[in-house]
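S.K.: return a 3D structure for these sequence lines:
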Amino acid sequence: MAKKSANNDQDIPHPLGWLGRIGAKQNPPAWGMGDVLATSVVVLVAMFVLASGVGVAIAGDTSVVTPSDLLIGQGVGLLAIGGYVWAVRSRTPEEREGLRLIRGLLPLPYVLLLGVAAMLTLDLLAVATGAGFGRVAELRGLPITFENSLLAFVFMVILQPMGFGLAFCGVILPRLRASLGSWAGFWVTILAFTGVHYGLYGASLPQDQQLGYGVIVPLGLMFCLCAIRIRTSSTLATLLAYASAGLVSVVVMLALG
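M.R.: Take a look at the predicted model:
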């Protein structure tokens, strides 16, 4: 059963800073653990069933599915996730308040720069594992054409924040922090996203890149996004940081060719 929310986490004293706010008590949003389970099922079905089906349907043959076909299918899956979250979490004022699609406590240009800095740092950490400087897992194997570049931009900058950002940072994170404890909910959200990401892309990566781009990059990115969500008390700010991080990945893809 959903629990009625208070003023969510905006009433946490501002001077606590990053770690203090992550560890501070999370006021419960206007949905329960059953809603977290439902959202998680939607994420899995959309990305592992719907996305694959759309990709195969576009290709017309399972033996000739291209990276762009897969990316379009996954984009449809992300769109479905975002649509689901918005449809079920905007029915009441309490749910809209809990979703926190507001400006937040930090300037938006600063938030955008945080996303850029996070992605550049994670790329360097991936290189340090011996993976070499390369594309993120989502864009591996995608030929450089104008159409594919536009597809990569829409996928990384719009659809991933709309789908994964809303589901994990908007819905799952605040409920898990309220139910499991602030730090436990924080880490469970991060690990859940990393598991989904690895299930989608990990097996397709070369062995020397599975740790860097299969684990470290998604884990580190969701760590940063969850921290931004808590620090700003804004899912909107989190989505913007996610978008700027995705833009970095697209620029890297174009630079590497």
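
S.K.: CA atoms for contacts and neighbours, from now on please.
M.R.: OK.

S.K.: residue 197 and residue 48, how far apart?
M.R.: As judged by Cα to Cα, to the nearest Å, residue 197 and residue 48 stand 11 Å apart.

S.K.: oops, could you answer that again for residue 246 instead?
M.R.: 21 Å.

S.K.: show me where this structure has its helices.
M.R.: For the chain, helices defined by DSSP state H occupy the ranges 17-23, 33-45, 51-59, 67-89, 93-99, 108-126, 146-153, 160, 173-180, 182-201, 217-232, 235-256.

S.K.: run through the neighbouring helices and strands of the first one.
M.R.: Read it as helix 17-23. Where contact means 3 or more Cα pairs under 8 Å, 6 or more residues apart in numbering; DSSP states H and E, helix 17-23 is packed against helix 182-201, helix 217-232.

S.K.: who touches it?
M.R.: 12, 182-183, 186, 227, 230-231 (Cα atoms under 8 Å, 6 or more residues apart in numbering).

S.K.: and of those residues, the nearest to residue 168?
M.R.: residue 186 (10.3 Å; Cα to Cα).

S.K.: enumerate every residue touching that closest one.
M.R.: Residue 186 touches 22, 173, 176-177, 226, counting by Cα under 8 Å, 6+ apart.

S.K.: recalculate using a threshold of 7 Å.
M.R.: By Cα atoms under 7 Å, 6 or more residues apart in numbering, residue 186 lies in contact with 173, 177.

S.K.: got it, and the one 4 residues further on?
M.R.: For residue 190, the contacting residues are 219, 222-223, by Cα under 7 Å, 6+ apart.

S.K.: state the distance from it to residue 220.
M.R.: Counting by Cα to Cα, the gap from residue 190 to residue 220 is 8 Å.

S.K.: low-confidence regions, the protein specifically.
M.R.: For the chain, residues meeting the criterion pLDDT under 70 lie at 1-15.

S.K.: make it 90
M.R.: Residue ranges of the chain with pLDDT under 90: 1-18, 59-65, 105, 129-134, 202-204, 207-208, 257.

S.K.: what count of nearby residues applies to residue 17?
M.R.: By the criterion of other Cα atoms under 10 Å, residue 17 has 10 neighbours.

S.K.: oh, that last question was meant for residue 30, not what I typed.
M.R.: Neighbours around residue 30, by other Cα under 10 Å: 25.

S.K.: mind listing what's buried along stretch 81-94?
M.R.: 81-82, 84-86, 89, 94 (16 or more other Cα atoms under 10 Å).

S.K.: out of the residues you listed, the closest to residue 110 would be?
M.R.: residue 82 (24.8 Å).

S.K.: surely that closest one touches residue 166?
M.R.: Yes - at 6.4 Å, residue 82 and residue 166 qualify as touching, with contact defined as Cα atoms under 7 Å.

S.K.: and residue 80, how close does it get to residue 212?
M.R.: Distance from residue 80 to residue 212, by Cα to Cα: 29 Å.

S.K.: more neighbours: these two, which one.
M.R.: residue 212 (26 against 22).

S.K.: now for the contacts of helix 17-23, which pair is the farthest apart?
M.R.: Longest span within the contacts of helix 17-23, Cα to Cα: 12 and 186, 16.2 Å.

S.K.: residue 63 - how many residues pack around it?
M.R.: Neighbour tally, residue 63, other Cα under 10 Å: 8.

S.K.: likewise for residue 204?
M.R.: Residue 204: 14 neighbours (other Cα under 10 Å).

S.K.: that one and residue 138, how far apart?
M.R.: Taken as Cα to Cα, the span from residue 204 to residue 138 is 10 Å.
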